[in-house]
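# Structure, please.
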Amino acid sequence: MVLWRVEVGVEYSEYLGINRGKWNAKDKYYVGDKVTHNGSYYYCSNVLEEGYNIGLNPEDYTDFWILLVARGADGIPGTYGCDCSH
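As a prediction, this is how the structure comes out:
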C-alpha cells in the first residue's frame, strides 16, 4: 500500500523509504530514504550506478537530494527551568 508519493521529475517514487536519521558520509542511501543534515530534512531522489549513494552531502549534491524542510531561524533563548504551575 502506498501511503504517499513524492514527485521526482516526471516520475513518482512509490518506495516509502526509511527515515535514516542524521546523514553520515559512510552510510549507503537509496532512493526514498530521508535524512536530517544541519537542521534540514532531505529526500534521496537519485543514486549512483551502484544503486545507492554514499558520501554525497545533501547540501552540495542537489541532483541526488531534494530539500523537504529547510532549517528555520534559531529562536530566542528562554529562561532555564519550568514554571509548571499552569
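
# Just want the most central residue of this structure.
Tyr42 (2.4 Å; CA atoms, centre = their mean).

# Tell me what it is bridged to.
Here Tyr42 sits in beta bridges with Val35, Leu67, going by DSSP bridges.

# Contact partners for Gly39?
Neighbouring residues of Gly39 by CB atoms under 8 Å, 6 or more residues apart in numbering: 71-72. No exception for glycine: its C-beta is placed from N, CA and C like everyone else's.

# ok, now how distant is it from Asp27?
19 Å (CB to CB, to the nearest Å).

# next one: Arg71
Taking CB to CB, one finds Arg71 at 21 Å from Asp27.

# in this structure, which spans are helices?
Under the criterion DSSP state H, the chain carries no helices.

# Correct me if wrong: Val35 contacts Gly17.
No - using CB atoms under 8 Å, Val35 is not in contact with Gly17, being 9.9 Å away.

# Looking at those two now, which is surrounded by more residues?
The neighbour comparison of Val35 against Gly17 (other CB atoms under 10 Å) goes to Val35, with 22 against 16.
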